[in-house]
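Student: give me coordinates for this.
(one chain, ligands or ions: 1)
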Amino acid sequence: MLVPLALVALLSGATDTAVIKNRRIEKHQTVAKALYDAGLDDVTVDAVHGALKAAEFDFRKARPGDQLRFVLRGGQLDVLDYRRSLLTEWQVRRDGEKYVGKKREFEREQRVEVVELNVESSVWDAAIAAGEKPDIAVTLSDVFAWDIDFYRDVQKGDRMRAVIEKTFHKGRLLDYGNVLAAEYVGSSVGTRRSFHYRMPDGTESYFMQDGSSARKTFLKSPLKYAHVTSRFGGRHHPILNYYSNHNGVDYHAPVGTPVWAVADGTVTRAGYETGGGNTVCVKHVMSFETCYLHLSKISVKVGQKVSQKAVIAESGNTGKLTTGPHLHFGMKRGGGWVNPLNQNFPRADPLPKALLPDFQAQIADALTKLDASPVAAFGTK
Ligand SMILES: [Zn+2]
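Tutor: Numbering: from 1, shown residues only. The predicted structure is shown next:
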């Protein structure tokens, strides 16, 4: 039967209107379920599933938050874009009666850049003020964790410079890689410099310019630097501390601040106690033991081996002996309480002399960048 062209156009007019549906994978939702929920029928779900599989889509890697964009015409799926990250997405297109899938990867660019932070309030805010992602504050606090407590030691007017690897996509900063070199100039901690070194055996670590280790057996603080929004007060990091005669240091921290093991060790206590609330204790070398009290969450078990910087708990406000959200941090040596703030912990072994030339050669470029004078501001000359 011949149908006048105008009528064909009229009939197909309705089907030409694209309907776009944007969805996300929900918690506990499979990809197939998401396809059904978007209104696709059995046959289409099957076909899309097959097309994704053919395009090396790994269904086990589907995560809540993955984005789906459906383009439907006349109630039929035309195009599906499945976006896993800024850099990876899949597209499934209708091709006549079947669907064809394609993986698309976007190019990324790696650059080494110098970042300069000037602290007005917190390192977190300084990062934002410098146009960086605030994650850089966490990354840098990790580099100096043996010498600087990023909650307590950071003062207004302190400066940091870092030579850091960055990944970009279309000019947009995606994430940070290694900190190759970093300098902290602070009124309470003095000047600290640290350099990233990949040893011939592949181990990576931080050293000072002369080859001595940046690491120590114990970290400066039991609290890992993090951005914790507090219901108590508007500041991001309302943390003070004092040492008193009650066997430890109190860090006034918002509930949920990550607590990390200050040294390698074995968990000796992990559970609720009347006075201290949720408590974790860890036994270390040289007959040291550390205890973390009033926790909101415990992530380790008695007998478990933990490494330095492993997050073992979250700070809280539990137990009878608490008057507000804080971490009570205690340290024992040979069975007796000591003041953790007065300990002088030894550094890890320095670089073997034989590796010094290799180390100096590897850090040379980062050192030059670190030493280069800051870019002059506009209008100065
Ligand atoms: Zn206390």
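
Student: what's across from Val114 in the sheet?
Tutor: In this entry, Val114 is beta-bridged to Val163, by DSSP bridges.

Student: contacting residues for it?
Tutor: Residues near Val114 by C-beta atoms under 8 Å, 6 or more residues apart in numbering: 161-164, 369-370, 372. Placement of C-beta: from N, CA and C, glycine included.

Student: and the closest residue to the ion within the stretch 1-150 of the chain, how close does it get to Phe329?
Tutor: Going by C-beta to the ion, the ion is nearest to Asp149 of the stretch 1-150 of the chain, at 16.7 Å. Noted for Asp149: a distance of 11 Å to Phe329, by C-beta to C-beta, to the nearest Å.

Student: buried set for stretch 180-189?
Tutor: Across stretch 180-189, burial judged by 16 or more other C-beta atoms under 10 Å covers 180-184, 186, 189.

Student: which ones among these map onto strands?
Tutor: 180-184, 186 (DSSP state E).

Student: next, format these as JSON lines and append distance to Val154.
Tutor: Below are those laid out as JSON lines (distance: C-beta to C-beta, whole Å):
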{"residue": "Leu180", "distance to Val154": "22"}
{"residue": "Ala181", "distance to Val154": "20"}
{"residue": "Ala182", "distance to Val154": "14"}
{"residue": "Glu183", "distance to Val154": "14"}
{"residue": "Tyr184", "distance to Val154": "9"}
{"residue": "Gly186", "distance to Val154": "7"}
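
Student: near the ion, which residues of the stretch 151-300 of the chain? Just list them.
Tutor: With C-beta under 5 Å from the ion as the criterion, the stretch 151-300 of the chain meets the ion at residues Asp250.

Student: so where do the helices sit in the stretch 151-300 of the chain?
Tutor: When assigned using DSSP state H, counting those that start in this stretch, the stretch 151-300 of the chain turns out to have no helices.

Student: distance of the closest residue to the ion within it from Lys320?
Tutor: Nearest residue of the stretch 151-300 of the chain to the ion: Asp250, at 4.1 Å (C-beta to the ion). Going from Asp250 to Lys320 by C-beta to C-beta gives 15 Å.

Student: count of neighbours near the residue of the stretch 151-300 of the chain closest to the ion?
Tutor: Asp250: 21 surrounding residues under other C-beta atoms under 10 Å.

Student: please apply the same query to Val45.
Tutor: 18.

Student: so it: helix, strand or coil?
Tutor: helix (DSSP: H, G, I helix; E, B strand; the rest coil).

Student: on the pLDDT front, check it for me.
Tutor: Looking at Val45, its pLDDT reads 95.

Student: who's in contact with it?
Tutor: Neighbouring residues of Val45 by C-beta under 8 Å, 6+ apart: 32, 35-36.

Student: got the contact list for Ser187?
Tutor: Residues near Ser187 by C-beta under 8 Å, 6+ apart: 155, 157-158.

Student: now swap in Tyr206 and tell me
Tutor: For Tyr206, the contact set (C-beta under 8 Å, 6+ apart) comprises 143, 194-197, 213-215.

Student: how about 7 Å then?
Tutor: Listed by C-beta atoms under 7 Å, 6 or more residues apart in numbering, the contact set of Tyr206 reads 143, 194-196, 214-215.

Student: could those residues go into CSV alongside neighbour count and pLDDT?
Tutor: Formatted as CSV, the contacts of Tyr206 follow (neighbours: other C-beta atoms under 10 Å; pLDDT from 0 to 100):
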residue, neighbour count, pLDDT
Val143, 23, 96
Ser194, 25, 97
Phe195, 25, 97
His196, 22, 97
Ala214, 22, 96
Arg215, 19, 95
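
Student: could I get those residues as TSV with distance to Leu87?
Tutor: Formatted as TSV, the contacts of Tyr206 follow (distance: C-beta to C-beta, whole Å):
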residue	distance to Leu87
Val143	26
Ser194	30
Phe195	29
His196	24
Ala214	32
Arg215	33
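
Student: where do the strands sit along the stretch 151-300 of the chain?
Tutor: Assigned strands in the stretch 151-300 of the chain, in chain order: 159-169, 172-186, 190-198, 204-207, 241-244, 248-251, 258-260, 265-273, 277-283, 288-295, 297-298 (criterion: DSSP state E, counting those that start in this stretch).

Student: just name whatever secondary elements the shortest one is in contact with.
Tutor: It stands for strand 297-298. strand 311-314 (3 or more C-beta pairs under 7 Å, 6 or more residues apart in numbering; DSSP states H and E).

Student: what's the next helix or strand after the strand it packs on in contact with?
Tutor: Using DSSP states H and E, the helix or strand that follows strand 311-314 towards the C-terminus is strand 327-333. Applying C-beta under 7 Å, 6+ apart, the contact partners of strand 327-333 are 222-223, 247-251, 253, 259, 276, 287-294, 315, 337-338, 340.

Student: kindly recompute the last result at 6 Å.
Tutor: 222, 247-251, 253, 287-291, 293-294, 315, 338, 340 (C-beta atoms under 6 Å, 6 or more residues apart in numbering).

Student: what's the answer for stretch 189-199, then?
Tutor: So stretch 189-199 is contacted by 143, 147-148, 153, 178, 180-185, 204, 206-207, 209, 214, 359, 363 (C-beta under 6 Å, 6+ apart).

Student: same check on stretch 123-130?
Tutor: Contacting residues not belonging to stretch 123-130 are listed as 117-119, 134, 136-137, 150, 154, 227, 236 [C-beta under 6 Å, 6+ apart].

Student: and what of stretch 310-320?
Tutor: By C-beta under 6 Å, 6+ apart, the residues outside stretch 310-320 that reach it are 253, 255-261, 274-278, 280, 292, 294-300, 306, 325, 327.

Student: Leu355: which of the strands of the stretch 151-300 of the chain is closest?
Tutor: strand 190-198 (8.3 Å; C-beta to C-beta).

Student: the closest one pairs with which strands, parallel or anti?
Tutor: As assigned by DSSP bridges, strand 190-198 forms pairs with strand 172-186 (antiparallel), strand 204-207 (antiparallel).

Student: cheers, nothing more for now.
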